Every structure is written in structure tokens, then in C-alpha cells.
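In: give me the fold of what follows.
(one chain, ligands or ions: 1)
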Amino acid sequence: MTVKVGIDKIGFYTPNLYLDMVDLAHARGADPAKYQVGIGQSKQAVIPPTQDVVTMAANAAAQILTPTIKTQIAMVLFGTESGIDNSKATAVYLAHLLELSPQTRAVELKQACYGATAGLQLAADYVRVHPQAKVLVIGADIARYGLRTAGEVTQGGGAVAMLVAANPQILELEATSSYHTADVMDFWRPTYRTEALVDGKYSTNVYLDFFAAVWADYQRQTKLTIADFAAFTFHLPFTKMGRKGLRQILPTATPEHQAQLTAAFEASQADNRDVGNLYTGSLYLSFLSLLRHGHLQAGQRIGFFSYGSGAEGEFFSGLIQPNYRQGFDDAGLTDLLANRRAVSVAEYEQLYNQQLSSDGQDMQLAVGQEQAPYYLAGRQHEQRV
Ligand code: HMG
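Out: Purely as a prediction, here's the structure:
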């Protein structure tokens with residue numbers, strides 16, 4: 001008998017600060033409608049210097065772990081492109097913070113926004129072979145393009161933590177997926193840079209081309225069509241991007257089904273619209289948003305399009321499980337997003353410039369404003385404290 005494997009629990013964390021896109025538009029001399037409608041973003045998470053990908057991942061993972069689950073975790077697969085060390089994996093720092101067993105395999109995975117999908121698929125394959133084990137998969141990032149750049153409106157940040165297990169509560173992953181790799185210079189960040197380089201318009205075209213390629217290949221492999229899907233979730237660098245992806249395939253559905261898929265898309269973009277891009281975590285925040293705001297039923301099939309610039313695309317699918325609502329803390333996530341404080345553009349710019357110090361000097365951060373269980377207090381002797 002084949003064991004069901006998939007996503008058992010999901011946690012999400014983003015810091016308690018945000019920037020309103022209307023304020024940013026005014027400061028940049030842009031029409032607010034361009035940011036809110038043209039790009040499709042309302043708010044953007046602002047990441048204080050006291051949070052990095054490790055602390056954000058710990059804050060997300062702590063929501064879904066119990067002492068018993070911690071003893072069952074065999075691997076931590078940490079997808080990120082905002083790593084804090086060129087050698088030591090963020091997963092090792094995380095395993096320590098979460099007090100996981102030393103009998104845990106902990107590694108970091110990188111391929112732009114695709115890293116967490118690589119983690120999810122590797123985790124699922126591992127659990128298919130070792131059904132007693134659980135794997136913690138992380139997608140955590142801080143999206144930084146630079147002040148006054150075209151990409152600025154598409155920044156954001158946060159962490160998604162997923163527990164992959166046999167007989168999952170939320171989603172059974174189906175085994176077939178379609179993936180596509182090509183060496184493309186649409187978005188990249190050389191090791192000497194703290195901000196991404198991007199050929200913005202080109203990147204949006206490559207995203208859509210990759211979606212077309214993997215969706216066609218997935219249909220060829222599975223013989224499934226759009227009629228077999230209740231919803232499609234997309235990597236959302238900004239919500240308009242996923243909307244364009246959906247529009248690409250929508251004409252192949254009946255008018256009634258088009259309305260259902262569009263309603264499901266609205267549900268799946270609601271939280272991303274208020275957080276911004278979190279690179280590796282964006283697709284999974286969108287899935288969480290669908291779980292929270294959509295009207296799903298057990299057995300429905302959900303499509304996932306993962307895209308990481310550079311570039312890698314993958315389309316895969318999963319089936320909603322009967323008790324999916326028990327796999328995440330809906331009220332806690334509503335509170336997390338509702339209780340954030342709006343910062344002014346001036347405060348955002350100040351925090352943006354404090355974010356990284358690449359000089360290796362000792363530093364102590366002002367942690368007085370921190371409310372999260374895990375935060376960064378500073379650096380001593382070139383080590384995080
Ligand atoms: P831009 O030059 O600011 O925007 O760049 P634009 O002039 O193309 O306008 C954007 C949209 O707003 C257009 O709509 C305009 O018509 C509309 P569209 O034609 O696209 O449907 N617009 C208005 N709408 C209403 N009222 C108005 C108004 N004015 C204009 N007054 C761009 C936009 C996304 C290129 C830029 O923000 C950027 O470079 N962002 C970063 C790159 C990015 O997010 N790429 C996405 C694909 S690549 C990816 O997803 C991977 C990634 O996550 C990284 C990774 O993998 O690690 C980025």
C-alpha cells in the first residue's frame with residue numbers, strides 16, 4: 001500500500017512592521033493605483049535589523065512544533081536566498097534554536113525563490129521511504145531591491161515553516177510533477193551584493209513562459225486538465241504576477257469554472273497582498289492564504305506553480321485533506337497580520353539602511369521593540385548572538 005505523504009502543518013511569521021503602499025507611492029511620486037492595482041500590493045512587510053531568516057524561521061516553526069514532534073524530525077531543509085553565511089547552513093542555526101535532536105540532518109537549499117519547493121519535494125520523497133519520519137521545510141527570505149528602484153514596491157519578507165509527514169492533515173502531495181531549468185539572467189544577486197539585480201520586465205515574461213512549459217508538461221504526463229483543479233496557487237513576487245499566470249490558462253475552463261478559479265485566486269493572494277514578496281516562502285504563503293480565505297473541500301485538487309529566477313519552474317499538485325483547518329493557526333495568523341504597526345516612509349528607509357552591516361564589527365541591536373520569541377540581539381566576535 002502506498003503511504004499518503006504531504007503537508008501536515010504550516011506556520012508563518014512576518015515581523016510586526018509594515019509600510020503602506022499608498023504612502024510609498026506618494027513618496028516616490030507614483031500613482032497609488034499603480035502600486036495597488038497595477039502591481040497588486042497594499043502593504044509591504046518591513047524587516048527590522050533584529051530579524052533575519054533564521055529568527056523568522058524559528059518564529060514560524062515554533063508555531064507548529066510540540067516536544068513530541070521535535071523528536072520525530074529527521075531533517076531540516078531550509079530554502080533561502082538571504083542566507084547569513086556562505087558556509088554554515090541556516091538550518092543548523094535553526095535546529096539549535098528549536099532544540100532539535102542532534103540526530104537531525106540539517107542543510108540549506110538555494111535556487112532563488114524555488115528553494116523551499118526543492119525542500120518540499122525532497123522531504124516528500126524522504127518520507128515516502130521513511131514513513132515514521134517528519135521533515136521540517138522552511139522558506140524564509142527578505143526581498144530587497146533598493147530604495148527608489150522599480151523593484152522597491154515588490155519587496156517584503158517573512159518565513160513559512162511546513163511539516164512534511166505521512167498521513168498529513170492539510171494536503172496530500174501527488175507524486176507527478178513537472179520541472180524546467182534554464183540558465184537565464186532575469187534576477188540574480190552576486191555574493192558581493194546585499195540587493196538583488198533584476199531585469200524586471202524580462203523576469204515577468206520568463207515566469208509566464210516557464211509556467212506555460214511546466215503546465216503543458218504536467219498535463220501531458222498526467223492527462224489531467226484545468227477541469228480537475230479547484231484552485232491554482234502561484235509564486236507571488238507581487239499579486240498581479242499570479243493573476244497574469246492564471247489568465248494565461250483561464251480561457252481553457254468553462255465560464256462557471258473560470259469564476260470559481262478566479263474566486264479561489266482572490267483568496268490565495270489576500271495575505272501576500274499585505275506582506276509582499278518573501279521569495280522562497282511566497283508560494284506557500286499563498287497556499288496558506290487559500291486555506292484561510294478560500295472555501296475548500298476535502299479531495300479537491302490544488303495546483304502549485306513554483307518559480308525561482310535564474311531559473312527553475314515546477315508545477316505540482318495536491319489533494320486537500322478533511323481536517324486541513326487543524327493544520328494551521330488561523331486566529332493566530334489573523335492577529336499577527338492585524339497587530340502590525342505602520343511605519344512612515346522615513347522610518348522604513350532608516351530600517352532598510354540598518355539592515356545589514358557587512359563590516360564584521362561587533363554590534364548590539366536595540367531589541368526593546370521586539371515582541372517575537374526569537375530575535376537577533378547583535379554580533380560578537382563575528383558570531384550572531
Ligand atoms: P514598473 O516599470 O514599475 O511597472 O515595473 P510597469 O510600468 O510595467 O507597470 C506595472 C503595471 O502597473 C502595469 O500593468 C501597468 O499598466 C500598471 P501590466 O501591464 O503589467 O498589467 N499601471 C497602473 N495601473 C493602475 N493605475 C496606474 C498604473 N500605472 C501603471 N496609474 C516590475 C514592474 C514588476 C517589473 C518591477 O516592480 C520589478 O522589477 N520587480 C521585481 C522583479 C519581479 O518581481 N519579477 C517577477 C517575476 S521573477 C520572480 O517571480 C522571481 C523573484 O521572486 C525572485 C526569485 O526568484 O528569487 C522576483
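
In: which residues touch whichever residue of the stretch 151-300 of the chain sits closest to the ligand?
Out: Nearest residue of the stretch 151-300 of the chain to the ligand, counting by C-beta to the nearest ligand atom: G200, 2.3 Å away. Every residue, glycine included, has its C-beta placed from N, CA and C. With contact taken as C-beta atoms under 8 Å, 6 or more residues apart in numbering, G200 is in contact with A150, G151.

In: do the same with Q121
Out: Applying C-beta under 8 Å, 6+ apart to Q121 gives the contacts S177, E314, F316.

In: now swap in I138 and tell me
Out: So I138 contacts 57, 60-61, 76-80, 90-91, 94, 116, 119, 159-162, 280 (C-beta under 8 Å, 6+ apart).

In: thinking again about what came up before, out of the contacts of Q121, who has the most neighbours?
Out: Neighbour counts for the contacts of Q121 (other C-beta atoms under 10 Å) peak at E314, which has 24 neighbours.

In: and the pLDDT at that one?
Out: Predicted confidence (pLDDT) for E314: 98.

In: now do the contacts for L94.
Out: Contacts of L94 by C-beta under 8 Å, 6+ apart are V54, A57, A58, A61, V76, F78, A106, I138.

In: take these and keep only those in strands.
Out: Among these, the ones falling in strands (DSSP state E) are V76, F78, A106, I138.

In: near the second one, how many other residues are there?
Out: By other C-beta under 10 Å, the residues close to F78 number 32.

In: so who does it touch?
Out: 53, 57, 89-91, 94, 106-109, 115, 119, 138, 140.

In: make JSON lines from the ones in strands among the contacts of L94 and add pLDDT and distance to the ligand to it.
Out: Listed next are those as JSON lines, based on pLDDT from 0 to 100; distance: C-beta to the nearest ligand atom, whole Å:
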{"residue": "V76", "pLDDT": "98", "distance to the ligand": "21"}
{"residue": "F78", "pLDDT": "98", "distance to the ligand": "15"}
{"residue": "A106", "pLDDT": "98", "distance to the ligand": "22"}
{"residue": "I138", "pLDDT": "99", "distance to the ligand": "15"}
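
In: show me the two of the residues you listed that sit farthest apart.
Out: A106 and I138 (10.4 Å; C-beta to C-beta).

In: can you pull the contacts of the residue positioned nearest the centre of the chain?
Out: Geometric centre of the chain, nearest residue: G281, 0.9 Å, by C-alpha atoms, centre = their mean. Neighbour list for G281: F12, A116, G139, A140, D141, G158, A159, V160 [criterion: C-beta under 8 Å, 6+ apart].

In: the same query, at a cut-off of 10 Å, please.
Out: G281 makes contact with 12-14, 53, 56-57, 60, 79-80, 113, 115-116, 138-141, 156-162, 235, 272, 275, 288 under the criterion C-beta atoms under 10 Å, 6 or more residues apart in numbering.
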